[in-house]
Each structure stands twice: as structure tokens, then as C-alpha cells.
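[1] below are the sequence and a predicted model; questions follow.
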Amino acid sequence: MKLRVGLVGLGEGWEHRHRPALRALADRLEVRAVCDQVGHRAQWAAAEFGAAAVDGFRALAERQDVDAIVMLAPQWYGLLPILAACDAGKAVYLGHGLSLELELTETIRQRVEKAGIAFVAEFPRRQAPATLRLKELIATRLGPARLVFCHHRLPVPERTSPASACRFDSTIVQELIEQVDWCRYVVGSEPRWVTGICHGDGESPEPDYQMMSLDFSERPGTGAIAQISCGRYFPANWREAITYRPLAALQVCCQNGIAFVDLPSTVLWFDDAGRHQESLDSDRPIAEQSLTQFYRAVTSLVRKGHDLEDACQAIKIVQEAVRSSRDGLRLPL
């Protein structure tokens, strides 16, 4: 059977991620309506898929020919389309990051739970082919993770308006939330302690570097530890410096070896037998895998909502890391 979907917000990843994925899954997902804050863009996408361009997300959610809502970009309406989908009893696929406000995300979680709808979120890092292969190696060859290093650096944007600065600050926090979720998934358990550090230049109210350590052991220092950081200390015009000797997206020291992950599809690992490198470019793209998972979640009638719980937990950890940095304390989770 085909699942009839309505698209809400097309986003920057439309051309190279979600549009090809929907094309590849045309035998399972049928686009019936499109809503975007830029009207002509919605009309263009709707015409390509033989769908209708709709002015508002609520009108789209209430359409009788739409079975599920696929949100692909955080536009002016934020997460409100999820609430509209709950009211209409429609399943939701979220192809972008959740709200940075824990209270709002918790409200969304409760509404989804009450509505009893399927909810699937796209987690690009944990769903990447390289991450899935790393989990296999941990289970079969490398053994449990002991130390995890996850770093990401971004350029300082050219701030032309207060709105652009606000969007960038949100991007930093969203990056930390996704990194926390990634490390939790790789380790396979929940952290028990968090220590946060923030660094600033004294001129900007926002930090230019944020770091946190997650301790996954019941007794401090006896289990896995993850170090997560995100910085924005390279000016945007220093393009050569930004790309110089980039760190591996994820480095994992395990009981029997060490692995380096470059997203989306490269794993380099070492054990007693020496060096091994795997390229997983032949695997299906992340967006296609996630939309397939969404299709199965809706058509199998088995409600899936733990993605929201994972997001809430990651947001809580980032908030506690900020409090740890402010108070100078190592905090239990």
C-alpha cells in the first residue's frame, strides 16, 4: 500500500536529500500536498510530484487525502504542525532538529503520546551507514566503548542581523544535542554524570567554544567517558583554515581496538591485526532509510515514539552541561 503524505517546509536539504529519497520511494510514499513559507517553491515542488500546493500547515493536516505529515524544515511555525497532526490523528516524520526548549519538546511528546500516532525523527549521525557499521564492530570485534571523542567546528558567521545571530546560536546548541544523542547511541547506555565548560572572548555574550564530558559509569571514572565539543572560533572567510586537518567526526577507543568515523560512510579501525578501512557508499542514503522506517512504523500499526524521548533526554543533558559550566560543578544525571 502507498502512504499518502503532505510535506511541510522543504528546507536546505530538499534538493540533495529528501527529494531524491521521495523519488526513490515512490512505490511506498505518495506526495499529495506541499506547504512552504515561500509560496512559489511549494507550487514548484507540488507540480513536480503531481500534488497540491497548500497555503497553511493546518489546512494540509486536515486534508482527507493525506495520511501523514512529513516536516523537512524548521520554518516560522516551528513545531506547531506536529500539534496540528496530533489533532488530526496523522503520523509525523520530522526531518530536522527538534526544539531547543525542553518544555516545548516535552509538551510535544505528551501530545503525541495522547494522540497515539507514529512519530519518527531523522537522526543523521546515528542512522549513518558508518555509525551502524561501528555498532556492528563494537558488538563483534572491538568490544565495549571506553572513550568517545566527538568534535565539530563551525565558522563564525557574518552576522548581518540579530535574527542571523539567533539562528547561529541555535545551530550550536542543536549540534551539541545531536552529538549527545550520537554518543549515547554508540555507547549503548545512559550517562550518569556531566561536566560542562564554556569559553568566550569576553566581547560576545555567547561562547565561542562549548565542551562537555559524559561519564556513563555508576561510580565516577569506572565506565565509558565521552568528550563532546563544538566551537565557532574560525572566521567565515578563513575557509582554508577551517578545512585544514579536520578531526574525525567520531573517535572511539574500545576494549579491543580503536575506530575513527567520518560521516556518512567511512570507518577506519585498528586492532591486533592492524589497520582496516571500510567505505559504505553503496548503502542507501540516510533520508531514504529514515523514510522507509517511517513507512513501516505507520503501516505496521506499531506506534513508535521513543525518538521524542531520546530528544528530550539529549536536551536535558545539554542543559545540565550549561548549568555545570555556570556553577563549576560536576552534576549527576
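    Alright, I've got the coordinates. For clarity, every value in this text was computed on a predicted model and none was experimentally measured. Numbers count the residues shown, from 1 in each chain.
[2] residues near Arg275, how many?
    Using other C-beta atoms under 10 Å, Arg275 is surrounded by 8 other residues. For the C-beta atoms, the positions are set from N, CA and C on the backbone; glycine is no exception.
[3] er, Val252 I mean
    27.
[4] thought it was touching Ile258?
    Yes. The pair Val252 / Ile258 is scored as a contact, 6.9 Å apart, by C-beta atoms under 8 Å.
[5] excluding sequence neighbours, find me the nearest residue to Gln289.
    Leaving aside its sequence neighbours, Gln289 sits nearest to Gln127 (C-beta to C-beta, 6 or more residues apart in numbering; 6.1 Å).
[6] pull up the gap between the one you found and Asp307, please.
    According to C-beta to C-beta, to the nearest Å, Gln127 and Asp307 sit 11 Å apart.
[7] circling back: on the three-state scheme, the residue nearest to Gln289 is what?
    coil (DSSP: H, G, I helix; E, B strand; the rest coil).
[8] that one and Ile228: what is the separation?
    In terms of C-beta to C-beta, Gln127 sits 19 Å off from Ile228.
[9] residues in contact with His52?
    Slight slip there: residue 52 is Ala, not His. Arg32, Ala33, Val34, Ala46 (C-beta atoms under 8 Å, 6 or more residues apart in numbering).
[10] hmm, try it at 10 Å
    Taking C-beta atoms under 10 Å, 6 or more residues apart in numbering as the contact definition, Ala52 lies against 6, 31-35, 42-43, 46, 60, 63, 65-66.
[11] try Leu134
    Contacts of Leu134 (C-beta under 10 Å, 6+ apart): 128, 142, 145, 185-186, 250, 252, 254, 259-261, 267, 269, 278.
[12] separation between it and Arg146?
    From Leu134 over to Arg146 (counting by C-beta to C-beta), the distance is 14 Å.
[13] can you check Glu278 too?
    To Arg146, Glu278 is 21 Å away according to C-beta to C-beta.
[14] equivalent analysis for Gly95, please.
    Per C-beta to C-beta, Gly95 is found 33 Å from Arg146.
[15] more neighbours, these two?
    In this view Gly95 and Arg146 are compared by other C-beta under 10 Å, and Gly95 has more residues nearby, 27 against 15.
[16] got the contact list for that one?
    Gly95 touches 7-11, 13-14, 17-18, 21, 70-74, 120-122, 124, 287, 290-291, 294, counting by C-beta under 10 Å, 6+ apart.
[17] could you rerun that using 7 Å?
    Gly95 is in contact with His18, Val70, Met71, Leu72, Glu122, counting by C-beta atoms under 7 Å, 6 or more residues apart in numbering.
[18] I'd like those residues written out as CSV, with secondary structure and neighbour count added.
    Output for these, formatted as CSV (DSSP: H, G, I helix; E, B strand; the rest coil; neighbours: other C-beta atoms under 10 Å):
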residue, secondary structure, neighbour count
His18, helix, 25
Val70, strand, 25
Met71, strand, 25
Leu72, coil, 25
Glu122, coil, 24
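[19] which helix or strand lies directly C-terminal to the helix or strand of the chain with the lowest mean pLDDT?
    When the helices and strands of the chain are scored by mean pLDDT, DSSP states H and E, helix 162-187 comes last with a mean of 73. Moving toward the C-terminus from helix 162-187, the next helix or strand (DSSP states H and E) is strand 193-199.
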